[in-house]
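From the sequence below, what's the structure:
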Amino acid sequence: MKIEKANTEELKQSVQLYKEAFPVHNIFQKPEDEVFNYLETIEGELIVAIEDDKVVGGLLIVYEEKIPEHTRARFKHIAVAKDHQHKGVGSELLKKAEEIVGKGKIEIHAAETEEELAEFYKKNGYEVEGELKSHYRPGEKCTILGKVLE
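As a prediction, the model looks like this:
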């Protein structure tokens, strides 16, 4: 498996991956062409995991402040194809994203419906730093997780 910044063809392959991974998400419920446009124009770096020339995972790195001494970034939209889940793809994407960021602080927002995702991040060294009320949808909490990279 290789992990790299997504090119146009890989972005096209990623559309269905994201539609399946996020059935309850404002952008990923839209038509495929709108999802592709979102992935193509979003600020940040989308990295993808590729196996046998097929995208099997993705993660978006969004920079809030990018400086060598202490970059601040958010990781968003981590997704792994159903047939590749629990095989280390997500952990490898996370490891690569952390390498790309280097020194700094990473924050993750996990919706209440993404409890398994929050547990995944905790297993990979992220700590719960707080909660937000009605962040993504009315009445739904959002857990904030963080990790300092040194």
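
Show me where the chain dips below the pLDDT cut-off.
For the chain, the stretches flagged by pLDDT under 70 are 25.

for the chain, which strand is longest?
In the chain, with assignment by DSSP state E, the single longest strand is strand 54-65.

Going along the chain, name the helices of the chain.
Ranges of helices within the chain are 8-21, 32-41, 89-101, 115-123, based on DSSP state H.

Which one of these lies nearest to E131?
Of all the helices of the chain, helix 115-123 sits nearest to E131, with 10.6 Å by Cβ to Cβ. Backbone N, C-alpha and C define where each C-beta goes, glycine included.

Buried residues in the closest one, which are they?
Residues of helix 115-123 classed as buried by neighbour count (16 or more other Cβ atoms under 10 Å): L117, A118, F120, Y121.

Go through those residues and say which is closest to L93.
Nearest to L93, judged by Cβ to Cβ, of the buried residues of helix 115-123 is F120 at 10.8 Å.

wait, N124 sits on L94?
Yes. Under the criterion of Cβ atoms under 8 Å, N124 makes contact with L94 at 5.5 Å.
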